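Engineer: 3D, please:
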Amino acid sequence: MPELGPAIYLGAEDDKDEIHIRLAAIAKHYDVTFKQLIDDGLHVLPLLGQDATLCAAAARVAASR
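Structural biologist: Next up is the predicted model:
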């Protein structure tokens, strides 16, 4: 496996079933269980249908003098 450590999977376009399919393929490739992935720090956040904005430009505000 790659270097172990915490990781976050943000699924903004796939439903929970699709995320499960993707993670199952990853687990199979590395010959680990879902429990091992979670115990090693994987956090899964499915955001389909929710606001998944991670960053947005702020409007410029004129400096007051």
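Engineer: alpha carbons only for contacts and neighbour counts from here, please
Structural biologist: Will do.
Engineer: all strands in this structure, in order from the N-terminus.
Structural biologist: Counting by DSSP state E, one finds strands in the chain at the ranges 7-11, 42-46.
Engineer: Give the other helices and strands that the first one contacts.
Structural biologist: The elements that strand 7-11 packs onto, with contact taken as 3 or more Cα pairs under 8 Å, 6 or more residues apart in numbering; DSSP states H and E, are strand 42-46.
Engineer: coming back round to it: nearest to Leu54, of the strands of the chain?
Structural biologist: Closest to Leu54 of these, according to Cα to Cα: strand 7-11, at 10.2 Å.
Engineer: Sheet partners, orientation included, of that closest one?
Structural biologist: Under the criterion DSSP bridges, strand 7-11 sits next to strand 42-46 (parallel) in its sheet.
Engineer: What residues sit buried inside the strand it pairs with?
Structural biologist: For strand 42-46, the neighbour count (16 or more other Cα atoms under 10 Å) marks 42, 44, 46 as buried.
Engineer: what would the residues you listed look like in a markdown table with distance to Ala57 and pLDDT?
Structural biologist: A markdown table is the format used below for the buried residues of strand 42-46 (distance: Cα to Cα, whole Å; pLDDT from 0 to 100):
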| residue | distance to Ala57 | pLDDT |
| --- | --- | --- |
| Leu42 | 29 | 94 |
| Val44 | 26 | 93 |
| Pro46 | 24 | 89 |
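Engineer: Cheers, nothing more for now.
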